[in-house]
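Engineer: Structure of the sequence below:
(one chain, ligands or ions: 2)
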Amino acid sequence: MENTNNNHHALNRIPASEHRIDESKICGQARHVVETLLKAGYEAYLVGGCVRDLVLGIEPKDFDVATNAHPEQICEHFSNSRLIGRRFRIVHVYFYRNNIEVSTFRAQTSQTKANSQSSTAGANGRILRDNTFGTIEEDAIRRDFTINALYYDIENSEVLDYCHGYQDLQARKICMIGNAETRYREDPVRMLRALRFHAKLDLAIQNETKGPIKPMGHLLSEIPPARLFDEVIKLFHSGYAVRCFQQLEKFDLLKVLFPITHEALNHDESFSSLIHNALKNTDARIRNGKSVNPAFIFAILLWRPYLQLLEQSNQQGIPHAEGAWSSGRTTVLDQSTVTSIPKRFSVTICEIWKLQNRFLKKRSHKSLRLISHPRFRAAYDFMCLRARSGELDEENCTWWTQIQTVSEQEQRKMVDQNNRKPRKRKNKQSL
Ligand code: ATP
Ligand code: MG
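Structural biologist: Numbers count the residues shown, from 1 in each chain. Ligands and ions are numbered 1, 2, ... in the order given. A predicted model of the protein is given here:
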């Protein structure tokens, strides 16, 4: 039976006395965009994740605006705007270090409408293109989850709810609008979004919405790799990467998104602990407002598959430097068939890996040149995580930590001291 429990609710207006949104959390630029469109005689609302977050009392990450103005009409009112998107034509209004996404109300594209000119579904039900303008109600029900289909009317300080989303948010539930299976087939990325909101907002996923994720997870492999890369980064940069990763494992999606990582993880406690520690670190950095680099996470997730290739190339007698580059390249290319990895990141990933070997060389003064390598920081953090996960002697991390804090003279002394120590047998992972 079609699950339509969330669909076609009458408009529910939630007044300020009830939703208690703190309007100071609304970004001034988003407010400016809405007010400009209102002044020009259009309807305009804040919409989506920002309204959800405002109701939850969380600072929204970005602000989206929905309006009945058409894309060209929107552009007329903002000199700092650009029409973007092939699948959906939306407008970005640019401000210093921020942009507000403005989209025209759009009608839901379902398979029943698939034959119309402006919306196209693939043979598997996936929406490939849709640009049918619609009413605000239609715009609401084409969104993914009820909690993401709320509108904020700035003029009246009211939340507008067409999909029962406000109550679901109060009940802390993630519910798909319409039939979950159909909606996942239209766009499998919604599965990743459900898991991300669950991990980040600590909301439960309603059973009907959760049920199809495992059996339908394989559909993610049909998503273009560039989009999957973006979605994966959103998971790992959500501030809740540890929980997102656990969700991916729980719903068998890791094997779809990171097949070689999944395979290497099998019974490898130390790799699992490396990933866990790295994601925990990422979460802490994000919470402390520090920068994070996608290359680092990919370097971690692909480390074991890379090592396996490197080991093979060592066994074949290929010189280390050559083997490291070719193993790195092959590993990155392999993953790129699922989630693309932009060139600037793949170069960094390979550098982080290649530098690992140099942390084991502490007996020559030349080895200290490593500290001034542009990738030293990332490679050093990577090496310390390896040490913490039991893959390397902790002493490596201590030594390289200390050497950064002492004078040049002291550095030389530290190297000389190493030369007085008897050589240890090479660590198993000293690749
Ligand atoms: P956040 O920005 O916190 O990651 P969000 O819900 O705002 O979460 P966005 O990607 O910014 O996510 O999208 C804005 C809104 O667009 C969503 O809230 C939802 O209403 C709609 N939306 C986004 N992606 C989809 C999708 N795949 N299917 C249907 N609606 C979507
Ligand atoms: Mg958003």
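
Engineer: Next, find the distance separating N314 from A299.
Structural biologist: 20 Å (C-beta to C-beta, to the nearest Å). (C-beta placed from N, C-alpha, C; glycine too.)

Engineer: How about the secondary structure of I100?
Structural biologist: Judged by DSSP: H, G, I helix; E, B strand; the rest coil, the three-state class of I100 is strand.

Engineer: picking up where we left off before, neighbour-wise, which of N314 and A299 wins?
Structural biologist: For N314 against A299, the residue with the higher neighbour count under other C-beta atoms under 10 Å is A299, and the figures read 27 against 15.

Engineer: so for whatever helix or strand the more buried one lives in, what's the average pLDDT?
Structural biologist: Assignment of secondary structure by DSSP states H and E places A299 within helix 294-301. In this model, helix 294-301 has a mean pLDDT of 97.

Engineer: what's the following helix or strand past that helix packed up against?
Structural biologist: Scanning forward in sequence from helix 294-301 by DSSP H and E, the next helix or strand is helix 303-315. Helices and strands touching helix 303-315, as assessed by 3 or more C-beta pairs under 8 Å, 6 or more residues apart in numbering; DSSP states H and E, comprise helix 259-265, helix 269-287, helix 320-336.

Engineer: Touching helix 303-315 from outside, list them.
Structural biologist: Contact with helix 303-315 is made by 260-261, 263-265, 268, 271, 274, 320, 322-324, 326-328, 330-331, 334, 353, 429, 431, as judged by C-beta atoms under 8 Å, 6 or more residues apart in numbering.

Engineer: Now do it against helix 320-336, angle only.
Structural biologist: Helix 303-315 runs at 140 degrees relative to helix 320-336, counting by axes from the mean of the first three to the mean of the last three C-alpha atoms, to 10 degrees.

Engineer: Put the alpha carbons of helix 303-315 into PDB.
Structural biologist: Below are the C-alpha coordinates for helix 303-315, written out as PDB (Å, rounded to 0.1, in the frame of the first residue of the first chain):
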ATOM      1  CA  TRP A 303      45.300   3.900   3.700                       C
ATOM      2  CA  ARG A 304      45.100   0.200   4.100                       C
ATOM      3  CA  PRO A 305      44.100  -0.500   0.500                       C
ATOM      4  CA  TYR A 306      47.100   1.600  -0.500                       C
ATOM      5  CA  LEU A 307      49.400  -0.300   1.800                       C
ATOM      6  CA  GLN A 308      48.300  -3.600   0.400                       C
ATOM      7  CA  LEU A 309      49.200  -2.400  -3.100                       C
ATOM      8  CA  LEU A 310      52.500  -1.000  -1.900                       C
ATOM      9  CA  GLU A 311      53.400  -4.200  -0.200                       C
ATOM     10  CA  GLN A 312      52.800  -6.000  -3.500                       C
ATOM     11  CA  SER A 313      55.000  -3.600  -5.400                       C
ATOM     12  CA  ASN A 314      57.700  -4.000  -2.800                       C
ATOM     13  CA  GLN A 315      57.500  -7.700  -3.200                       C
END
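
Engineer: Counting neighbours, which bits of that helix end up buried?
Structural biologist: For helix 303-315, the neighbour count (16 or more other C-beta atoms under 10 Å) marks W303, R304, P305, Y306, L307, L309, L310, S313 as buried.

Engineer: Now render those residues as TSV, adding distance to H92.
Structural biologist: As requested, the buried residues of helix 303-315 are exported to TSV (distance: C-beta to C-beta, whole Å):
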residue	distance to H92
W303	36
R304	39
P305	37
Y306	37
L307	42
L309	41
L310	43
S313	45
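
Engineer: Tell me the one of these nearest ligand 2?
Structural biologist: Closest to ligand 2 out of these is W303 (31.4 Å), distances taken as C-beta to the ion.

Engineer: Switch the buried residues of helix 303-315 over to a markdown table; also include distance to ligand 2.
Structural biologist: Rendered in a markdown table, the data for these read as follows (distance: C-beta to the ion, whole Å):
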| residue | distance to ligand 2 |
| --- | --- |
| W303 | 31 |
| R304 | 34 |
| P305 | 33 |
| Y306 | 34 |
| L307 | 37 |
| L309 | 38 |
| L310 | 40 |
| S313 | 44 |
